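Engineer: give me a model of this one.
(3 chains)
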Amino acid sequence: MSLLLGDIVAALGGSLEGNPQVPIERLAPLEVAGPQELSFLSNPRYRQQLAASQAACVIVAPALRELALQRGACIVADDPYVYFARVTQLWKQRYGTPVPVGIHPSAVVDAAAVVHPTASIGPLCVVERGAVIGAGTVLKSRVTVSEGCHIGARCILHPGVVIGADGFGFAPQGGQWLKIEQLGAVRIGDDVEIGANTCIDRGALQDTVIEDGVKLDNQVQIGHNVRVGRHTAMAGCAGVAGSTHIGAHCTIGGAAMVLGHLTLADGVNVSTATVVSHSINRAGHYTGFFPMDDNAHWEKNAATLKQLHRLRERIKALERGLDAA
Amino acid sequence: MSLLLGDIVAALGGSLEGNPQVPIERLAPLEVAGPQELSFLSNPRYRQQLAASQAACVIVAPALRELALQRGACIVADDPYVYFARVTQLWKQRYGTPVPVGIHPSAVVDAAAVVHPTASIGPLCVVERGAVIGAGTVLKSRVTVSEGCHIGARCILHPGVVIGADGFGFAPQGGQWLKIEQLGAVRIGDDVEIGANTCIDRGALQDTVIEDGVKLDNQVQIGHNVRVGRHTAMAGCAGVAGSTHIGAHCTIGGAAMVLGHLTLADGVNVSTATVVSHSINRAGHYTGFFPMDDNAHWEKNAATLKQLHRLRERIKALERGLDAA
Amino acid sequence: MSLLLGDIVAALGGSLEGNPQVPIERLAPLEVAGPQELSFLSNPRYRQQLAASQAACVIVAPALRELALQRGACIVADDPYVYFARVTQLWKQRYGTPVPVGIHPSAVVDAAAVVHPTASIGPLCVVERGAVIGAGTVLKSRVTVSEGCHIGARCILHPGVVIGADGFGFAPQGGQWLKIEQLGAVRIGDDVEIGANTCIDRGALQDTVIEDGVKLDNQVQIGHNVRVGRHTAMAGCAGVAGSTHIGAHCTIGGAAMVLGHLTLADGVNVSTATVVSHSINRAGHYTGFFPMDDNAHWEKNAATLKQLHRLRERIKALERGLDAA
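Structural biologist: Below you'll find the model as predicted:
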């Protein structure tokens, strides 16, 4: 498995400074790449690593062309990270296992489901009646798409994904829980990727909606009637409770939890493990997790934290006392 | 798909103020319901939305009857939310896909498992030897019920559920972990609903127990030897570590984590993302998560938090100093 | 199902003080064990429970031999907890269902996968091309091992595990996300146990690595290019973001989240629900979660927390004021 440097620039553009006949056998990070490997430098902070790299060739931005040439071959591209992503795609296209089009014989697809002929339904998937799977969409293996749920074109659903299980809806009645049947479904746009074991619940009355270009990592939980705006990305173990609307172009960090019935504006970035307990009306970066410490310090600070409000009262009293003194 | 208003009250009771011949084509939230749709008002806070609603009919409590009549048709019911839940059930019963009774041919059910003839074992489920599945219980698809685990009557297990995997038990020995075989099983009562990809581990020596009427959302994790009391509900991504006993009629918020070997009284409500690190002896509402802030403020406050205990000492010193002054 | 006390010591060693002909019908915790049951006392703190126990026999450390003999039969072993673990293994070996060697007919195993003849591939598993499954390894049911991933010897993968789904890698481009194909795989050592619905992503360029003897609980999420050192254990719902290296002999508590591109030294213990936001260079015990309180107190303290940095400034001002006074 190899690609010539010349083949890469022929396919993807960019300007090669070096011998187009040099074969590339792998892609590798800058610090470990060897003389048969192609690497990239996207963050100028790591320019120190550039000089020391053994890579056959490094993808760099125009501003780093001179520095890169002092070391050896380079491909100059406007956005080295995007260029690198395209090289991974080229590699996969040349040497990856082609995705088999059609329905694997072990999958259980209802006669009343609509699967586009160019879609790929992997082993041991379940597609229930009324479900629709768009063109070029791939269900890897062991994916469930429940009744009436729609998946757009060019989506990737990783193993264990569950689309359209019942939302968590119950009415309290005399100390017990009465089930609210979940009559909506899930609608997923185009170019959505959904990580392993992620769940998206069907809506109670209306549909849960995932817009175009959304990327969800593994083990994400999306409650009923949620809407996730286009090109928003959510990292592993994040969760969104029912009826919350998340804007477009947001990023939600790993294990962050967004409470229910909230609205997040476009362009909101939520840090890892942050609990979003109220709506956010402005784009920005929001955080809320307890800073880690060694356990002994944490114990002292956590104990004091339980008296924080009273400490504030004591500070007020001191201020009054000092004024009086 | 439609129901006449008269059919609804004939089936479910309540008092209709309006034309029983009006057809209802959908259920919808108050703010979006149109003239073919039935809605409900359960929270008096939203009474403002009532006047503006375009719904064909609104389910209201007796106290809001007069207000509702100014707008148009209504069904008066003692508990509008419960009534609404029953309408969803009526709708599902009339127009939903009937649950197929019996074992789907793609499911793998051991010859030594006992599946009630009225149970429904969906596609690609696994039911191991000695497992017992009660009357009317539904395993949706891709559910595993491991050896010797008992599921009661009228339960619903959503796709990807794993009942009875080994609890996480190891004895440390010379820097390695020696497996403690998990010799117990899982016993689940009647009317339990378990969300997609939720896991309930088998006990080490005795059984893990989920009592009647418990509702678990998606991606919940229940450790070995846990007991969850009847009619307790746990939201998505919550977790309970081994040997903890949770009382009856509790609610555990999303992503809350309950540590091991604890006891929670009946009627405890734990907020989202709260870590329950000690037993709770009294019913009540308990919370513990870091409040979200914009990232710059959070960074300052989080840094200061690491000195909180010392700040308290400084306040003490000030108090002494002021007394002396 | 029973074992004689004499059989147990014959198989596992230790010194029996009591009648070797006594039959043991179950293992049970000290406080509930009855006269047909064997128990153990590993933590001297619970020695109070020893005198009151009804157990047929109790496994104790040499230091507790005298105390135990006052009550009845005992087995004296250097490490009672390890001895107890071995008894569970003996029990399982005698009375547990033997693990069927070979590939269950419902599993989907690619012709170009390599499954050791002594491995056990359970019902409805998927093993893709180029995957390698080592000697004695057990895939319980509904496990996916993706293309090119290697699993060592004597591993146990519980139901719903996903090995080798794509890592979460995208390059931002004009407000959209461009997929970075994940060209690495997953390499798992020997004697690794992986809990139900846990996911381990394949590497972007190089492999994600789980070393020998690692134990992962349920619903753990391991991002791409992570390395987990040998004999490290991670409890349920923990997560590790991409490219982080965790040392050997660490313990990571339930729902703890380790951010990406970090390094944790050997012997690091992270508490439940702690966010590890920077590298840890020294063995030790690290914690960071908000202490739970009743909701009303929490609300006051959380509100004050948002002003913590300003409170510190006010304390400084007071200190200056008092100095001047």
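
Engineer: now the helices for the stretch 1-150 of chain A?
Structural biologist: For the stretch 1-150 of chain A, helices defined by DSSP state H, counting those that start in this stretch occupy the ranges A:5-12, A:47-52, A:65-69, A:80-95.

Engineer: which other helices and strands contact the second one?
Structural biologist: Going back to what we said before, that points to helix A:47-52. helix A:65-69 (3 or more Cβ pairs under 8 Å, 6 or more residues apart in numbering or on different chains; DSSP states H and E). Yep, even glycine has a C-beta here, placed from its N, CA and C like the rest.

Engineer: please repeat the previous calculation with a cut-off of 10 Å.
Structural biologist: strand A:57-60, helix A:65-69 (3 or more Cβ pairs under 10 Å, 6 or more residues apart in numbering or on different chains; DSSP states H and E).

Engineer: then the shortest one?
Structural biologist: Applying 3+ Cβ pairs under 10 Å, 6+ apart, one finds that helix A:65-69 makes contact with strand A:15-17, helix A:47-52, strand A:57-60, strand A:73-76.

Engineer: now the second one, how far from the centre of its chain.
Structural biologist: Averaged C-alpha coordinates place helix A:47-52 at 30 Å from its chain's average position (Cα atoms, centre = their mean, to the nearest Å).

Engineer: list the buried ones in that helix?
Structural biologist: A:Q49, A:L50 (16 or more other Cβ atoms under 10 Å in any protein chain shown).

Engineer: what's the mean pLDDT across it?
Structural biologist: Over the span of helix A:47-52, the pLDDT mean works out to 88.

Engineer: residues contacting A:V101?
Structural biologist: By Cβ atoms under 10 Å, 6 or more residues apart in numbering or on different chains, the contact set of A:V101 is A:H116, A:P117, A:T118, A:A119, A:S120, A:I121, A:G136, A:V138.

Engineer: which member of those residues is positioned nearest C:P20?
Structural biologist: Nearest to C:P20 among the contacts of A:V101: A:I121, at 60.1 Å, using Cβ to Cβ.

Engineer: quick one: the strands in the stretch 201-325 of chain A, in order.
Structural biologist: For the stretch 201-325 of chain A, applying DSSP state E, counting those that start in this stretch gives strands covering A:208-210, A:215-216, A:221-222, A:227-228, A:233-234, A:239-240, A:245-246, A:251-252, A:257-258, A:263-264, A:268-270, A:275-276, A:284-287, A:293-294.

Engineer: turn those into TSV, columns for distance to B:V192 and mean pLDDT.
Structural biologist: As requested, the strands of the stretch 201-325 of chain A are exported to TSV (distance: least, Cβ to Cβ, whole Å; pLDDT from 0 to 100):
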stretch	distance to B:V192	mean pLDDT
strand A:208-210	24	98
strand A:215-216	28	98
strand A:221-222	19	98
strand A:227-228	30	98
strand A:233-234	29	98
strand A:239-240	22	98
strand A:245-246	31	98
strand A:251-252	31	98
strand A:257-258	24	98
strand A:263-264	33	98
strand A:268-270	33	98
strand A:275-276	28	98
strand A:284-287	37	98
strand A:293-294	40	97
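
Engineer: which of these sits closest to C:A112?
Structural biologist: strand A:215-216 (29.9 Å).

Engineer: circling back to that earlier point, among the contacts of A:V101, which one has the most neighbours?
Structural biologist: A:I121 (28 neighbours; other Cβ atoms under 10 Å in any protein chain shown).

Engineer: doesn't A:V114 make contact with it?
Structural biologist: No - look at A:I121 against A:V114 with Cβ atoms under 10 Å: they stay out of range, at 11.8 Å.

Engineer: could you tell me which residues touch both of these two?
Structural biologist: Common neighbours of A:I121 and A:V114, using Cβ under 10 Å, 6+ apart, are A:V127, A:I133.

Engineer: how much space between A:A165 and B:V143?
Structural biologist: From A:A165 across to B:V143, the span is 11 Å (Cβ to Cβ, to the nearest Å).

Engineer: ok so, going back, take the helices and strands packed on helix A:65-69 and lay them out in a markdown table including distance to C:K92.
Structural biologist: Output for the helices and strands packed on helix A:65-69, formatted as a markdown table (distance: least, Cβ to Cβ, whole Å):
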| stretch | distance to C:K92 |
| --- | --- |
| strand A:15-17 | 62 |
| helix A:47-52 | 51 |
| strand A:57-60 | 54 |
| strand A:73-76 | 58 |
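
Engineer: who's in contact with A:W298?
Structural biologist: So A:W298 contacts A:290-292, A:305, B:305-306, B:309, C:271, C:274, C:285-289, C:291 (Cβ under 10 Å, 6+ apart).

Engineer: for C:A77, state which of the residues you listed is nearest.
Structural biologist: C:H285 (28.3 Å).

Engineer: follow-up on the earlier one: hey, least reliable of the helices of the stretch 1-150 of chain A by pLDDT?
Structural biologist: Taking the mean pLDDT of those, helix A:47-52 comes last: a mean of 88.

Engineer: sorry, back to before: now the common contact residues for A:A165 and B:V143.
Structural biologist: B:H158, B:P159, B:G160, B:V161, B:A196.

Engineer: which residues are in contact with the third one?
Structural biologist: Contacts of B:G160 were listed using Cβ under 10 Å, 6+ apart, and they are A:142-144, A:160-162, A:165, A:197, A:199, B:140-144, B:195-199, B:218-219, C:142, C:159-160, C:196-197.

Engineer: now stretch A:311-325: mean pLDDT?
Structural biologist: Rounded mean pLDDT across stretch A:311-325 is 87.

Engineer: what of stretch A:175-186?
Structural biologist: pLDDT averaged over stretch A:175-186 gives 98.

Engineer: can you pick the most crowded of the shared contacts of A:A165 and B:V143?
Structural biologist: That'd be B:A196 among the shared contacts of A:A165 and B:V143, by other Cβ under 10 Å, with 33 neighbours.

Engineer: how far away is that residue from B:C250?
Structural biologist: 22 Å.

Engineer: next: A:Y46.
Structural biologist: 50 Å.

Engineer: now the two most distant members of the contacts of A:V101.
Structural biologist: In terms of Cβ to Cβ, those reach their longest pairwise distance at A:P117 and A:V138, which sit 13.6 Å apart.

Engineer: list the contacts of the residue lying closest to A:F290 once chain neighbours are set aside.
Structural biologist: Nearest residue to A:F290 in three dimensions, chain neighbours excluded: C:G288, at 4.4 Å (Cβ to Cβ, 6 or more residues apart in numbering or on different chains). Going by Cβ under 10 Å, 6+ apart, C:G288 touches A:273, A:289-295, A:297-298, A:301-302, B:290, B:302, B:305-306, C:256, C:270-271, C:273-277.

Engineer: reformat the helices of the stretch 1-150 of chain A as TSV; add distance to B:G321.
Structural biologist: Below are those laid out as TSV (distance: least, Cβ to Cβ, whole Å):
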stretch	distance to B:G321
helix A:5-12	70
helix A:47-52	51
helix A:65-69	58
helix A:80-95	57
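
Engineer: most tightly packed of these?
Structural biologist: Compared across the helices of the stretch 1-150 of chain A, helix A:80-95 shows the largest average neighbour count, a mean of 19 (mean count of other Cβ atoms under 10 Å in any protein chain shown).

Engineer: now do that helix: which elements does it pack against?
Structural biologist: strand A:3-4, helix A:5-12, strand A:26-27, strand A:37-40, strand A:57-60, strand A:73-76, strand C:170-173, strand C:176-179.

Engineer: chain B: which of the ones you listed is closest?
Structural biologist: strand C:170-173 (18.9 Å; Cβ to the nearest Cβ).
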